[in-house]
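Asks: Can you look at this prediction? I've put the sequence above it.
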Amino acid sequence: MVLRAPRAPLEPAELPDLRPAAGQALVRVLACGVCRTDLHVADGELPDPKLPLILGHEVVGEVLDAERFPRGARIGIPWLGWTCGVCVFCKSGRENLCERARFTGYTLDGGYASLALADERYCFPLPDGYGDAEIAPLLCAGLIGHRSLRMAGDARRLGLYGFGAAAHLIAQVARAEGREVYAFTRAGDTAAQEFARELGAVWAGASDQLPPEELDAAILFAPVGALVPLALRAVVKGGTVVCGGIHMSDVPSFPYRLLWGERVLRSVANLTRGDAEEFLALAGRIRLRTRVTSMPLAQANEALSSLREGRLIGAAALVL
Ligand SMILES: [Zn+2]
Ligand SMILES: [Zn+2]
């Protein structure tokens, strides 16, 4: 399914078969998760995508040809597709900030396809015990959630704003670590609130509500800048608010007293290969319940619309 121009629907296309160059893995795509970032790319909210482009950066594939992995192995291809290795960020363990990084399904072709190619240094073997569609959201929603949770430090009372693909995974990790989860959703989204309680949230409510206790940290997964002051208002002195998304609507101005008291506001950008290794190992130890709606690849446009309109509970994945 090919994006030819921003804001145009994806078009089905037959493309020539892919041939791996040295250092590349060729996979048969088993499933590819649908991430909010795909929407931002398709809607032209992120600059300079490769065009035409195959979206998708939560790629679960069966190896057809690779050096690093045996044929038949199940591997994941995530968002971070290539880094330069020589810039100040790469040299200091922060390849997620690499000046010249390339990204799967944005500046490199991704997994809304039957075959995919990737630099095998950026691919990962996947833990057993998860179905193909089930494990797809771990590759971005789970990874970004994990990095965001680490940035939240040892917060015991953790707020999650936007209870979709990332939050539903990371709520389970937070619970396993003995934290209390407070889930914030759009006002009136009782289905998402109920889902959060099922996954162990001690409280679920609307994002403009104050939780019953002050939070030690909050993570924003919804791409809504107006949530920033709301979350700052809900965290205790010294607490942290982490913005987990790649794109957000503008943050409205707010009184300085919401930040005062050594509250920290920060973003999380992309991920490193270290994050992926750490999180996938964790997902092998803690069996995460992923709620995934599987849809055929040919319905990629419908899947994107469902995500845009907030009609999905949990995550979505495309399968052939
Ligand atoms: Zn670099
Ligand atoms: Zn993503």
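Replies: Right, received. Where do you want to start? Residues are numbered from 1 along each chain as shown. Ligands and ions are numbered 1, 2, ... in the order given.
Asks: Which positions in the chain make contact with ligand 2?
Replies: Neighbours of ligand 2 within the chain, by Cβ under 5 Å from the ion: 35, 37, 140. For glycine as for every other residue, the C-beta is placed from the backbone atoms N, C-alpha and C.
Asks: Residue 293 reaches residue 319, doesn't it?
Replies: No - applying Cβ atoms under 8 Å as the test, residue 293 and residue 319 come out as separate, 10.7 Å apart.
Asks: one step back: which one (most neighbours) among the residues of the chain next to ligand 2?
Replies: Within the residues of the chain next to ligand 2, residue 140 tops the neighbour count with 31 neighbours, counted by other Cβ atoms under 10 Å.
Asks: Which residues does stretch 34-52 contact?
Replies: The list of residues contacting stretch 34-52 from outside it, by Cβ atoms under 8 Å, 6 or more residues apart in numbering, reads 2-7, 10, 53, 55-58, 79, 105-109, 137, 140-141, 164-165, 223, 245-247, 300, 303-304, 307-308, 315-318.
Asks: mind listing what's buried in stretch 222-231?
Replies: Of the residues in stretch 222-231, those scored as buried under the neighbour-count criterion (16 or more other Cβ atoms under 10 Å) are 222, 223, 224, 227, 228, 229, 230, 231.
Asks: so where's this structure shaky on pLDDT?
Replies: When residues are selected by pLDDT under 70, none of them lie in the chain.
Asks: Check it and tell me which residue is nearest its centre.
Replies: The structure's the chain has its C-alpha centroid closest to residue 141; by Cα atoms, centre = their mean the separation is 2.6 Å.
Asks: How about the contacts made by that one?
Replies: Residues in contact with residue 141, defined by Cβ under 8 Å, 6+ apart, are 33, 35, 58, 164, 165, 166, 169, 315.
Asks: Please apply the same query to residue 58.
Replies: By Cβ under 8 Å, 6+ apart, the neighbours of residue 58 are 32-35, 76, 78, 111, 136-141, 317.
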